[in-house]
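**Q** Return a 3D structure for these sequence lines:
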Amino acid sequence: MHLLPWSHPSSAGFTLTGWHTPPSGKPLLHFLHGNGFCGRAYEPMLKPLAEHFDLWLCDVQGHGDTEHGGRFHGWNRSAELAVEAFEAGRERFGDVACFALGHSFGGVLTSLILARHPQLFQRAALLDPVLFSKAMVGVMALSELVGLHRRNVMAQKSAARRRHWPDRANAFSLLQGRGIFRGWADSALHAYVDHALKDAEDGGVELKCRPSREVDIFSSFPRRLWPSLARMNTPTLLLYGAKTYPFVGQSARRLRDLNGAVSIAEVAGGHCFMQEHPEDTAARVIAFLQPER
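**A** Next up, the predicted model:
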């Protein structure tokens, strides 16, 4: 899979970056990653997708090679900036059908895009999107009001994350089978180590995404989430892991009942099931996005 870098000086004052495959006339698939990751960390899933689609991978604020960009501009603004970059760059692909795919944080951003830009994508797939329940959003909003929002469990775990290793081999061995990386295919962990880490000044390697940016995201929430989800009319498949966070499956079922454009399916694995079973995930996404194939 050959990927070319792109960059876009965003209206928020920082440069967004990402990767795309050379335009070939195939349909174009827009992909947004999860918090703390980057587009190329999903290469084992993306490679089989690239046989059917040209790919547009966008690394959001502070992720991959995209600039940290000062304060976090929020979930809703991040979604709009991704659209801004896509609109600026997709001319090179010509007048082809466009589809959307997102994981976790990127799945929520994709849903916000679908709500605000109903004509942009023909179909979409959301992989374990962290769709906070109304009750969770209420608690997070109250916590933000009283200054406790940075104390939630996910934010605390992110703040405590190790960010530096002597080399990539050491990072691979220490991350393998631990925490969020438990159950990952070796190919997926290699992709993460190769693309979500960068060379450090001392000769070691460190996370491209600062743990503080992960905390920014996990201690904030999208505005008007459920009204946005109700407005989506793009045919959308939501896949969630059998062993993911309980609220993800609960929200998936609620969304299916709320919006007839959304279908859902439970798959084997956890929150990062697409890193555990990349080929199976790609096959499910292809089958939904191109049902006539």
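**Q** Give me the buried positions along stretch 265-274.
**A** Buried residues in stretch 265-274, counting neighbours by 16 or more other CB atoms under 10 Å, are found at 266-267, 269-274. C-beta: built from backbone N, CA, C; applies to glycine.
**Q** Check stretch 212-223 too.
**A** Of all the residues in stretch 212-223, those buried under the rule 16+ other CB under 10 Å are 213-222.
**Q** number of nearby residues for Phe37?
**A** Applying other CB atoms under 10 Å, we find 28 other residues in the vicinity of Phe37.
**Q** tell me the SS of it?
**A** In terms of secondary structure, Phe37 is coil; the call rests on DSSP: H, G, I helix; E, B strand; the rest coil.
**Q** quick one: contacts for it?
**A** Phe37 sits next to 63, 103, 192, 196, 209 when contact means CB atoms under 8 Å, 6 or more residues apart in numbering.
**Q** Farthest pair within those residues?
**A** Greatest spatial distance in these: His103 and Cys209, 14.4 Å, computed using CB to CB.
**Q** Output stretch 10-28 as CSV, restricted to C-alpha atoms.
**A** The C-alpha atoms that make up stretch 10-28 are tabulated as CSV, following Å, rounded to 0.1, in the frame of the first residue of the first chain:
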residue,chain,number,x,y,z
SER,A,10,-6.3,24.9,8.9
SER,A,11,-8.5,27.8,9.9
ALA,A,12,-7.7,27.0,13.5
GLY,A,13,-4.1,28.2,13.0
PHE,A,14,-2.3,24.8,13.0
THR,A,15,-1.4,22.5,10.2
LEU,A,16,-3.4,19.3,9.8
THR,A,17,-1.6,16.4,8.1
GLY,A,18,-2.3,12.9,7.0
TRP,A,19,-1.8,10.4,4.1
HIS,A,20,-3.6,9.4,1.0
THR,A,21,-3.2,6.7,-1.6
PRO,A,22,-2.4,7.8,-5.2
PRO,A,23,-5.7,8.6,-6.9
SER,A,24,-6.8,5.6,-9.0
GLY,A,25,-10.5,6.3,-9.8
LYS,A,26,-11.7,4.0,-7.1
PRO,A,27,-14.3,5.3,-4.5
LEU,A,28,-12.6,7.5,-1.8
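**Q** related to what we said a few turns ago, could you dump the buried residues of stretch 212-223 into CSV with pLDDT added?
**A** Shown next, in CSV, are the buried residues of stretch 212-223 (pLDDT from 0 to 100):
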residue, pLDDT
Arg213, 92
Glu214, 90
Val215, 87
Asp216, 88
Ile217, 90
Phe218, 84
Ser219, 83
Ser220, 87
Phe221, 86
Pro222, 91
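**Q** would TSV of those residues with secondary structure and distance to Phe14 be doable?
**A** Converted to TSV, the buried residues of stretch 212-223 look like this (DSSP: H, G, I helix; E, B strand; the rest coil; distance: CB to CB, whole Å):
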residue	secondary structure	distance to Phe14
Arg213	helix	12
Glu214	helix	17
Val215	helix	18
Asp216	helix	14
Ile217	helix	15
Phe218	helix	20
Ser219	coil	20
Ser220	coil	17
Phe221	coil	22
Pro222	coil	20
